[in-house]
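In: sequence? don't have it. structure:
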């Protein structure tokens, strides 16, 4: 069973701080990695995606991928109360592109406090 | 911005009844998916669909489930004889194939 593991949290950070969300995956050949944000009762909303080792930045968000350690993370700078949500890590299997199924982790609940 | 549209937003059905969940993927997308999320659990893959046929399905997607693209816009998930454990949020997603999947708002299915 190929797994995607996340700490369920909650991760509590003060407003303006950096939130660091982590994800590990078991299938070494996995190729594509995605972070989705999910507000309670809502659908997953794409935040970031990353395919290559290293960092990828988009506004306040940075995705980091380390394939050797099978580890992907999401950093949120200048955290805002509106960032409070569950962050889902999703992975696509080896030898496939972005068109393949996604395997999701259970998500990490982030709470940004005033 | 184009969106994946799902109807209805909430469906209440008696156990044993058939239910059809509807999705309109983004118009130029070629790959379509159904996922489900039982309350408090992770999002789980059900089935993927490309070129008018199923490309992959999970062990959840048994003979009670079927998918169809009856016309050029709709993509449906049918559950033939619903069980209590089918109660979940069902999400439709689509992609062109070289971009990440975009999800609809979901249908909350409640089986009584």
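Out: Looks like it came in fine. What you see is a predicted model, and the numbers here were worked out from it, not measured in a lab. Numbering: from 1, shown residues only, chains lettered A, B, ... in the order given.
In: what residues are up against residue B:111?
Out: Contact analysis of residue B:111 by C-beta atoms under 8 Å, 6 or more residues apart in numbering or on different chains lists B:13, B:14, B:15, B:82, B:83, B:84, B:85, B:86, B:87. Bear in mind the C-beta positions are built from the backbone N, C-alpha and C, glycine included.
In: hmm, 6 Å instead?
Out: Residue B:111 is in contact with B:13, B:15, B:82, B:84, B:86, B:87, counting by C-beta atoms under 6 Å, 6 or more residues apart in numbering or on different chains.
In: Among these, name the buried ones.
Out: B:13, B:82, B:86, B:87 (16 or more other C-beta atoms under 10 Å in any protein chain shown).
In: Between those residues, which sits nearest chain A?
Out: residue B:87 (14.4 Å; C-beta to the nearest C-beta).
In: show me what contacts the closest one?
Out: By C-beta under 6 Å, 6+ apart, the neighbours of residue B:87 are B:110, B:111.
In: Surely residue B:22 and residue B:76 touch.
Out: Yes. Under the criterion of C-beta atoms under 6 Å, residue B:22 makes contact with residue B:76 at 5.4 Å.
In: Just confirm residue A:82 is within a strand.
Out: No. Going by DSSP: H, G, I helix; E, B strand; the rest coil, the assignment for residue A:82 is helix, not a strand.
In: so who does it touch?
Out: Taking C-beta under 6 Å, 6+ apart as the definition, residue A:82 has no contacts.
In: Run a quick neighbour tally on residue B:41.
Out: Per other C-beta atoms under 10 Å in any protein chain shown, the neighbour tally for residue B:41 reads 12.
In: And for residue B:81?
Out: 12.
In: now do residue B:97
Out: The tally of other residues near residue B:97 (other C-beta under 10 Å) stands at 13.
In: Who's the closest spatial neighbour of it, skipping the chain neighbours?
Out: Among residues not flanking residue B:97 along the chain, residue A:99 sits closest, at 4.3 Å (C-beta to C-beta, 6 or more residues apart in numbering or on different chains).
In: What residues does chain B have near chain A?
Out: B:31, B:42-43, B:45, B:48, B:56, B:91, B:95, B:97, B:100, B:103, B:105-106 (C-beta under 6 Å from any C-beta of the partner chain).
In: So which of these sit within strands?
Out: Of the positions in the residues of chain B next to chain A, B:31, B:43, B:45, B:48, B:56, B:91, B:95, B:103 sit in strands, assigned by DSSP state E.
In: what's the third one in contact with, if anything?
Out: The one in question is residue B:45. Going by C-beta under 6 Å, 6+ apart, the list of residues near residue B:45 reads A:101, B:35, B:58.
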